[in-house]
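S.K.: here are the coordinates; sequence isn't available:
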């Protein structure tokens, strides 16, 4: 019998345009005309006397407020010889301020903030955090103090420390496959003096040359309230928000008036071609065109052109290059609408053994045909519906709504300028889309081809069970079909069969080929994707509430009647082999392919990569994946998890109609295996010549099984390596600035779990960093038990974060999936908050 878990949040959520928690009746239906009100984020805008813009969006669905602060400064405000300042200053903002010299990360952890970070691009720097409503006033105090009182707090020591961290961030980015691509593209696409011609992170020489006076002058110029927008979205009234923001920000003096470049869109006077060699497993083609800037009237039509070109599995480039011709393993097209100039990009990852020029010629043929003929009415309708569904899903999060309001208030005419773009997108005709493409893509372009340099060499050294409380959502529904299978169901000889079979589920059924299935889903505004964990196989549907029943029907068809077509299977197997090559080229994923085998033994299911190895995948046949599906897709071993805007009365008939005829009992038991290996300390070295960083992975089997009922392990792991102020990150990043960021965690497995530490560090500190990692592991193992203020701090953090734990459908699904996978008690999540608050020091020792 198929199990059902219905998960929803507590209370009924307000629709995006409501100030009170009333039920929304708007939907994003496939055939319905565009309804502006369905996407409107109701807000009020205020401007303080010092020029600070405040935007408030009221939504009392959860006791959380998303705080989002944009400064209208980015790398385009820099100049040659002084690049990287905007991004460097983003780092300074986390180090404390004159009146709170304790560090912003520590404060946010103490307040229980979720989704908190800062980012910088060419046009802006933003900071954001989702905080319990009880922590809002303290958060606004902290944000105001670093806006108005950071300059005198910056010291030479802080400059040296954060400069080192940024340089490690730069090394880490360049150490990834294709990591130097965008710096090359920017340099080729823009004139030397154009502010988009250098990278946001800046050059090493400029960072080293930055003086304390330079940095302080930069702060005084660009971080005043008149150059900022703060958006508050959530459990707050406009009146209360204005009073608090006036109280904490009102006395900060404005900065100087600033000149603004409106647009600067260069034009290439000829086609530019360049090549780059990199240690990558596949060649990749990057085609770039200049495009309009943010807010341009042609952007909606041009974005639709990109969607028709490569926005779905059945889009033209994907259909031709990936499925029909087999010249590429992945194709993407996208529009980057920066504030003063945009870029339209096409990226094709070339299939191994294919000449890049052959793939490029085919790509050009498809592009030219679309430029000449334009999209069909059906293609355009599907692209619109899919795009609107994507917007609805993104707007589920308070943080996304706050960010959207800040962005449009900073770059656009009004906070709701995005609505004009959406409405224009809804009204675009095939001819308007064709003309927009022709206006910008019948022009000179830059083509960069990245070619593999050499294969990577590795050397080994000897050294219906649960219903969660309900809270309404935007008009979307997520459905997950969870099978008790996963990569642990693979035999050693057929490693990779489970994940390969799951990857084939959206590649066609007995009655619909891959393109027909993709088109049908897109026309309903639905997405279907598959995933494989060690313990479970997952098929996920994202649907609009209005189209749930027909979307479920397509999901069931894909789940129960996959075609496993011979040609598509051969293509998918080649893509899988290419994926394995990509994993081996990326330092972290390469390590994670190797470490499980060392811990558990390659003969054990947990010891093998879920994607398989090249030999096992090469040997897989269509019959193997079909047999895997027949063996493991059984209703008695399946659970349906539903989150979103639906009721049991609506849901049960739709599920019965789609899955009710599924027969077959239960799947067999998976091999139990034996406990993983225990061994003394060993060191394995993987050589990557000329790498600017070393990636340290420390691993050890724990005695903890996948029983999350033991809550004491969660704060211990969080404090050790699960947040920015954890012991591990504080040591290697905050104190020694050898790393851009570290992590330490227990794997989320049903069986014996592994303790993993990941620490990318600058190469010349590899030995010392390994010693520090070992010291921190000894500490968490008993030398430094969690106690005193450290214990109090982590418990305050965990307790405060509970308010926003189930804000999104994804969080609900994750909780329900954990319950299913680990067999948690029926009241686990209902009693979770109380149990966390009752933990004591003795339990965590």
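M.R.: In hand now; what should we look at? Bear in mind the structure is a predicted one, so any value in this text is a computation, not a measurement. Numbers count the residues shown, from 1 in each chain.
S.K.: gap between residue 206 and residue 94?
M.R.: When distance is defined by C-beta to C-beta, to the nearest Å, residue 206 is 21 Å away from residue 94. (Each C-beta comes from the backbone N, C-alpha and C, glycine too.)
S.K.: with neighbour numbers in mind, choose between the two.
M.R.: residue 94 (22 against 19; other C-beta atoms under 10 Å).
S.K.: for the stretch 301-450 of the chain, what spans make up the strands?
M.R.: Remark: strands assigned in the stretch 301-450 of the chain by DSSP state E, counting those that start in this stretch are 328-337, 342-350, 446-452.
S.K.: so which of those is the most packed in?
M.R.: Neighbour counts averaged per stretch over the strands of the stretch 301-450 of the chain are highest for strand 342-350, at a mean of 24; criterion: mean count of other C-beta atoms under 10 Å.
S.K.: nearest to residue 403, out of the strands of the stretch 301-450 of the chain?
M.R.: Proximity to residue 403, assessed across the strands of the stretch 301-450 of the chain by C-beta to C-beta, is greatest for strand 328-337 (15.3 Å).
S.K.: can you list contacts of that closest one?
M.R.: For strand 328-337, the external contacting residues (C-beta atoms under 8 Å, 6 or more residues apart in numbering) are 282, 291-296, 299, 302-303, 306-307, 309-311, 317-318, 321-322, 342-351, 354, 359, 363, 574-575, 578-579.
S.K.: who wins for proximity to residue 229 among the strands of the stretch 301-450 of the chain?
M.R.: strand 328-337 (18.2 Å).
S.K.: does residue 115 belong to a helix, a strand or coil?
M.R.: Put simply, residue 115 is strand when judged by DSSP: H, G, I helix; E, B strand; the rest coil.
S.K.: number of residues surrounding it?
M.R.: Residue 115: 17 neighbours (other C-beta under 10 Å).
S.K.: any idea where the helices of the stretch 301-450 of the chain begin and end?
M.R.: Secondary structure of the stretch 301-450 of the chain (DSSP state H, counting those that start in this stretch): helices at 316-317, 356-373, 377-394, 398-411, 417-427, 430-441.
S.K.: on that earlier part again, distance to residue 225 for the strands of the stretch 301-450 of the chain - can I get that in JSON lines?
M.R.: Formatted as JSON lines, these follow (distance: least, C-beta to C-beta, whole Å):
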{"stretch": "strand 328-337", "distance to residue 225": "27"}
{"stretch": "strand 342-350", "distance to residue 225": "29"}
{"stretch": "strand 446-452", "distance to residue 225": "40"}
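S.K.: can you redo these as TSV with mean pLDDT?
M.R.: Output for those, formatted as TSV (pLDDT from 0 to 100):
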stretch	mean pLDDT
strand 328-337	94
strand 342-350	97
strand 446-452	95
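S.K.: for residue 65, which of the ones you listed is the nearest?
M.R.: Across the strands of the stretch 301-450 of the chain, closest to residue 65 is strand 328-337 (C-beta to C-beta), at 28.6 Å.
S.K.: measure how that closest one sits relative to helix 356-373, angle-wise.
M.R.: Strand 328-337 and helix 356-373 are oriented at 50 degrees to each other (axes from the mean of the first three to the mean of the last three C-alpha atoms, to 10 degrees).
S.K.: got the domain ranges for this protein?
M.R.: As given by automatic domain parsing, the domain ranges for the chain are 44-249, 272-395+411-452, 486-535+544-636, 693-844.
S.K.: can I get those domains in JSON lines including distance to residue 34?
M.R.: Formatted as JSON lines, the domains of the chain follow (distance: least, C-beta to C-beta, whole Å):
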{"stretch": "domain 44-249", "distance to residue 34": "21"}
{"stretch": "domain 272-395+411-452", "distance to residue 34": "3"}
{"stretch": "domain 486-535+544-636", "distance to residue 34": "13"}
{"stretch": "domain 693-844", "distance to residue 34": "24"}
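S.K.: which among the ones you listed is found nearest to residue 257?
M.R.: Across the domains of the chain, residue 257 has its closest neighbour in domain 44-249 (8.2 Å, C-beta to C-beta).
S.K.: which residue ranges form the strands in the stretch 451-600 of the chain?
M.R.: Using DSSP E, counting those that start in this stretch, strands in the stretch 451-600 of the chain cover 476-483, 527-532, 537-544.
S.K.: kindly apply the preceding question to the stretch 651-800 of the chain instead.
M.R.: Along the stretch 651-800 of the chain, counting by DSSP E, counting those that start in this stretch, strands occupy 693-701, 743-746, 754-762.
S.K.: I'd like to know which of those lies nearest to residue 651.
M.R.: Closest among the strands of the stretch 651-800 of the chain, using C-beta to C-beta: strand 743-746, at 34.4 Å.
S.K.: which other residues reach that closest one?
M.R.: Contacts for strand 743-746 (C-beta under 8 Å, 6+ apart): 702, 704, 713, 717, 720-722, 726, 728-729, 753-759, 776, 780.
S.K.: so how far is it off the chain centroid?
M.R.: Counting by C-alpha atoms, centre = their mean, to the nearest Å, strand 743-746 is centred 19 Å from the centre of its parent chain.
S.K.: and that strand, which strands flank it?
M.R.: strand 754-762 (antiparallel) (DSSP bridges).
S.K.: report the inter-axis angle for the strand it pairs with versus strand 693-701.
M.R.: Using the same axes, to 10 degrees: strand 754-762 against strand 693-701 is 170 degrees.
S.K.: buried stuff in stretch 601-619?
M.R.: The neighbour-count check on stretch 601-619 (16 or more other C-beta atoms under 10 Å) flags 601, 604-613, 616-617 as buried.
S.K.: returning to what we had before: check the domains of the chain for me: which has the lowest mean pLDDT.
M.R.: Here those differ in mean pLDDT, and the lowest is domain 693-844 at a mean of 83.
S.K.: fine by me, thanks again.
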